[in-house]
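Peer 1: 3D model of this:
(one chain, ligands or ions: 1)
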Amino acid sequence: MKRIEHLGIAVQSIEQSLPIFEALLNTVCYKQEAVASEGVKTAFFQVGESKIELLEASNPASPIAKFLEKNGPGFHHVAFEVENIDDEIVRLSKAGFQLIHHTPKDGADNKRIAFLHPKSTNGLLVELCQEKIS
Ligand code: ZN
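Peer 2: Model (predicted):
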């Protein structure tokens, strides 16, 4: 793992949360992006070498909608940047971790991503991400 790339925060409404996080972090949101395959809308803030990602459900079947129902808004996942996501998936499966995605998929912010199941990580939802080379 190279660094913490971002922390994901589940929110009911990005529109309502933007001014709160802009005031908190003293910076403006630099990107908003919908990820249709995950049923989420995202908004990103740069914080030093890491980011904060706000996540809003874009439909009722979205994993974020289910999370909000169960837990309310707040911390959702930590994303680690990795050198080679394919190698990390193999390494972590061999080490006994349960992967939600066995092959990387397209995520927000120009990344290939894969999630680990929180069952195998002491309840922590972990995202692996690697910048797409374009
Ligand atoms: Zn994320």
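
Peer 1: interface residues of the protein facing the ion?
Peer 2: 8, 53, 79, 127 (C-beta under 5 Å from the ion). Glycine gets a C-beta too; all of them are placed from N, C-alpha and C.

Peer 1: and of those, the nearest to H117?
Peer 2: Closest approach between these and H117, by C-beta to C-beta: E127, at 11.6 Å.

Peer 1: who's in contact with the nearest residue to the closest one once chain neighbours are set aside?
Peer 2: Setting aside the residues directly before and after it, E127 is nearest to A79 in space (C-beta to C-beta, 6 or more residues apart in numbering), at 4.0 Å. The contact partners of A79, by C-beta atoms under 8 Å, 6 or more residues apart in numbering, come to 4-8, 53, 113, 126-129.

Peer 1: hang on, the earlier thing: just put the residues of the chain next to the ion in TSV and tack on secondary structure and pLDDT.
Peer 2: Below are the residues of the chain next to the ion laid out as TSV (DSSP: H, G, I helix; E, B strand; the rest coil; pLDDT from 0 to 100):
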residue	secondary structure	pLDDT
G8	strand	98
E53	strand	98
A79	strand	98
E127	strand	97
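
Peer 1: show me the two of those that sit farthest apart.
Peer 2: E53 and E127 (9.3 Å).

Peer 1: now the common contact residues for those two.
Peer 2: Counting by C-beta under 8 Å, 6+ apart, the contacts common to E53 and E127 are 8, 79.

Peer 1: so for the host helix or strand of L55, what gets flagged as buried?
Peer 2: Using DSSP states H and E, L55 sits in strand 50-57. Neighbour-count burial for strand 50-57, with 16 or more other C-beta atoms under 10 Å as criterion, is recorded at 51-57.
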